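> Fold the stuff below for me.
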Amino acid sequence: MKTGHALSVLCCWMLFLAATGGGLWGCGRKSEEQAAVTIIIDSAPEQGASVLMSGYEYEATPVTIPNVMPGVYEVILRLERYRRTIEKITVTDESSQTFVIDMAPVTGTLTILSTPPGAPVYLNDEHIGETPVLRRTLQVGEYTYNVRHPDYYPEEKTFVMEDNFNMEFSHTLRPMEAELSVFSRPSSASVWLNNILQVEKTPAKFVLRPGQYLVSVHISGHLQVDELVELKANKPETVQLTLPRGNVPQGMALVPAGEFIMGTNDRAPDERPARKVNLKAFYIDRFEVTNQAFKEVYSSHKYTMGQDNYPAVGVSWTQALNYCESLGKRLPTEAEWEKAARGADGRVYPWGESFSPAVANTKEAGIGRATRVGNYFASASPYGCMDMAGNAYEWTADWYEAYPGNTDVTKDYGQIFRVLRGGSYLSEKFDVRCAARHFDRIDAKRADYGFRCAMTARE
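A predicted model of the protein is given here:
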């Protein structure tokens, strides 16, 4: 029985070998056809990603993996600042194979704006364009950028870009200072910048923020001369002024003796009738009295820092009168004020017949507050007086009474109210005409009430 069983097993084994093509030799040949291979897995655009394949975790890319049987495999890559990547690779029977797997970066967008625009931008010291830089795609991470306009101080910012963030930064660039040189003939003249007296005398040099400046120079025995200058960032500018001889007090204008047309016939009733008025020569301030000047007399006067050369407002008639008298001056009469504003030709506005919101600080200009005196230099009166339309109402010396020949009767006429002229930043164009009249109590201190002074000219 044992012998028969052994013969039976041997016969089955021989049949199996015959069916499989040759016993052990045939098995070896099959193994050779399916031999393991070596593969390399790499990542792009950066290396160093961790690799997970067939449940095994390998070193960072590029990684060499030996003894891999041909077939399809799922590879998972992980790398900071990149999205987790899953990709299937097909390993063939080629002895050595390389697989480069692209990884998508985690990104957000960056927008950089500046005032003024056109400023070069450097991101991590690489020039990426000029402002506005709009929605530039960046990989997550920390960055530093600089905005480097040649005429402005640079701006720098460090930020961290996060996944899917739309980051926006806006910069108002601070302009570099400009150099202003002021020369005069004769020299050693006093210098005012926007009506603020400077310590330096001509020839003088100033380092100033860009902007518009009214440069005024004066020396005893000569007339004051002004020039409006526009300073640009980081650009030098030179002003050369020749002062003619004369004896007009500094900061004042001479209004010569003679006739002018006062009042109107076809506007407000209290402006009637239009008539010729003959005045003696007088001086009048070219600018409204400023906060800085008013505080020298009224030490309790308060105003916003940086507004030294804005008109002093909230001033009563009595305060205005006392201020002028403290300087040996006086308030102008109504007639003097109107002639200084209007000239001898009966014009509607100090600058002419037509109104424009661009030439005076009125309600139409939309500013809604006083501006520095002399800001509207180009719209001066025929005698060189500024802001005689708008900015601040100006007290005059006179009572509010009917003009000679005006038969209208009103309870407001008489020695009750004092007259103000010129309108203010709250006034519409009708009320800033040279002939327009306004009136109030002598103790009124409205927020837009100011003044200027006058003097009788020497014969």
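> Contacts only, for residue 393.
Counting by CB atoms under 8 Å, 6 or more residues apart in numbering, residue 393 touches 420-424, 427, 438, 446, 448-450. Where you see a C-beta, it was placed from the backbone N, CA and C, and this is true even at glycine.
> Try it again at 10 Å.
288, 311, 313, 315, 419-427, 431-432, 438, 440, 444, 446, 448-451 (CB atoms under 10 Å, 6 or more residues apart in numbering).
> Could you list the low-pLDDT ranges of this protein?
Flagging of the chain using pLDDT under 70 yields the residue ranges 1-34, 459.
> Could you break it into its assigned domains?
Using automatic domain parsing, the domain parsing of the chain gives 35-105, 107-172, 178-242, 252-456.
> Can you report how many residues neighbour residue 347?
Residue 347: 18 surrounding residues under other CB atoms under 10 Å.
> Next step: the contacts of residue 393 restricted to strands.
419-421, 438, 440, 449-450 (DSSP state E).
> out of those residues, which are buried?
Neighbour counting by 16 or more other CB atoms under 10 Å classes 419-421, 438, 440, 449-450 among the ones in strands among the contacts of residue 393 as buried.
> which one among those gets closest to residue 95?
residue 450 (96.9 Å; CB to CB).
> hey, which of the domains of the chain is tucked in deepest?
Per-stretch averages of neighbours, counted by mean count of other CB atoms under 10 Å, single out domain 252-456 among these, with a mean of 19.
> ends of that one, how far apart?
Its start and end residues considered, domain 252-456 measures 11 Å (CA to CA, to the nearest Å).
> Could you do stretch 191-204 as well?
Taking CA to CA as the measure, stretch 191-204 stretches 8 Å from start to finish.
> Equivalent analysis for stretch 289-305, please.
By CA to CA, the extent of stretch 289-305 from end to end equals 17 Å.
> Contacts for it next, please.
If you take CB under 10 Å, 6+ apart as the criterion, stretch 289-305 is touched by 194-197, 251, 285, 287-288, 307-315, 319-320, 322-327, 329, 369-370, 372-374, 392, 394, 450-453.
> hmm, back to that, can I get the ones in strands among the contacts of residue 393 in a markdown table with distance to residue 337?
Output for those, formatted as a markdown table (distance: CB to CB, whole Å):
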| residue | distance to residue 337 |
| --- | --- |
| 419 | 8 |
| 420 | 9 |
| 421 | 5 |
| 438 | 12 |
| 440 | 15 |
| 449 | 14 |
| 450 | 13 |
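> any idea how far residue 302 lies from residue 291?
With distances taken as CB to CB, to the nearest Å, residue 302 is found 9 Å from residue 291.
> does residue 175 really touch residue 119, like I thought?
No - assessed by CB atoms under 10 Å, residue 175 is found out of contact with residue 119, at 11.6 Å.
> Contacts only, for residue 60.
Contacts of residue 60 by CB under 10 Å, 6+ apart are 43, 47-51, 77-79.
> Could you list which of those residues belong to strands?
Cross-referencing these against strands under DSSP E gives 43, 50-51, 77-78.
> which one of those is nearest residue 69?
Using CB to CB, the ones in strands among the contacts of residue 60 come closest to residue 69 at residue 51, 17.4 Å.
> Leaving out sequence neighbours, find the closest residue to that closest one.
Once flanking residues are discounted, residue 51 sits nearest to residue 58: 4.3 Å by CB to CB, 6 or more residues apart in numbering.
> mind listing what that neighbour touches?
With contacts defined as CB under 10 Å, 6+ apart, the neighbours of residue 58 are 41, 50-52, 64-65, 75.
> Ok, residue 444 next?
314-317, 393, 395, 417-418, 420.
> can you tell me which two in these are farthest apart?
314 and 417, at 18.1 Å, using CB to CB across these.
> All the strands of the stretch 101-250 of the chain, in order from the start?
Assigned by DSSP state E, counting those that start in this stretch, the stretch 101-250 of the chain shows strands spanning 107-115, 120-123, 126-130, 133-139, 141-147, 155-161, 166-172, 178-185, 190-193, 196-201, 204-208, 211-218, 225-231, 237-242.
> Against which helices or strands is the second one packed?
In terms of contacts (3 or more CB pairs under 10 Å, 6 or more residues apart in numbering; DSSP states H and E), strand 120-123 is packed against strand 107-115, strand 126-130, strand 133-139, strand 141-147.
> Repeat that for the fifth one.
Using 3+ CB pairs under 10 Å, 6+ apart as the contact criterion, the secondary-structure elements in contact with strand 141-147 are strand 107-115, strand 120-123, strand 126-130, strand 155-161, strand 166-172.
> If we use 8 Å, what do you get?
Judged by 3 or more CB pairs under 8 Å, 6 or more residues apart in numbering; DSSP states H and E, strand 141-147 is in contact with strand 107-115, strand 120-123, strand 155-161.
> Which among those is found nearest to residue 214?
Nearest to residue 214 among those is strand 107-115 (25.3 Å), distances taken as CB to CB.
> thinking again about what came up before, tabulate the helices and strands packed on strand 141-147 in TSV, adding columns for distance to residue 188.
Formatted as TSV, the helices and strands packed on strand 141-147 follow (distance: least, CB to CB, whole Å):
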stretch	distance to residue 188
strand 107-115	41
strand 120-123	45
strand 155-161	42
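> So which of those strands is nearest residue 231?
strand 107-115 (17.9 Å).
> give me every residue that touches the nearest residue to residue 403 once chain neighbours are set aside.
In this structure, residue 403 finds its nearest non-sequential neighbour in residue 263, 5.8 Å apart by CB to CB, 6+ apart. Residues near residue 263 by CB under 8 Å, 6+ apart: 271-275, 403, 435.
> Show me the beta-bridge partners of residue 50.
With DSSP bridges as the criterion, residue 50 is bridged to residue 78.
> how close does it get to residue 72?
21 Å.
> ok so, going back, so for residue 175 and residue 119, which residues contact both of them?
residue 152.
> nearest spatial neighbour of residue 425, skipping sequence neighbours?
In space, residue 425 is closest to residue 361, 4.8 Å off (CB to CB, 6+ apart).
> Would you agree that neighbour falls within a strand?
No - Residue 361: not assigned to a strand; according to DSSP: H, G, I helix; E, B strand; the rest coil it is coil.
> from here on, count from 647
Got it, first residue is 647 now, which makes that one residue 1007.
> For it, give me its contacts.
Here residue 1007 is in contact with 1013, 1016-1017, 1021-1022, 1033, 1036-1037, 1070-1071 (CB under 8 Å, 6+ apart).
> Which ones among the contacts of residue 1090 map onto helices?
residue 963 (DSSP state H).
> Do you have the helices of the stretch 897-1046 of the chain handy? List them.
Taking DSSP state H, counting those that start in this stretch, the helices of the stretch 897-1046 of the chain run over residues 937-943, 963-972, 980-988.
> by contact count, what packs against the second one?
The contact analysis (3+ CB pairs under 8 Å, 6+ apart) places helix 963-972 against helix 937-943, strand 1039-1045.
> which one is residue 1044 nearest to, not counting chain neighbours?
For residue 1044, the closest residue by CB to CB, 6+ apart turns out to be residue 980, at 4.4 Å.
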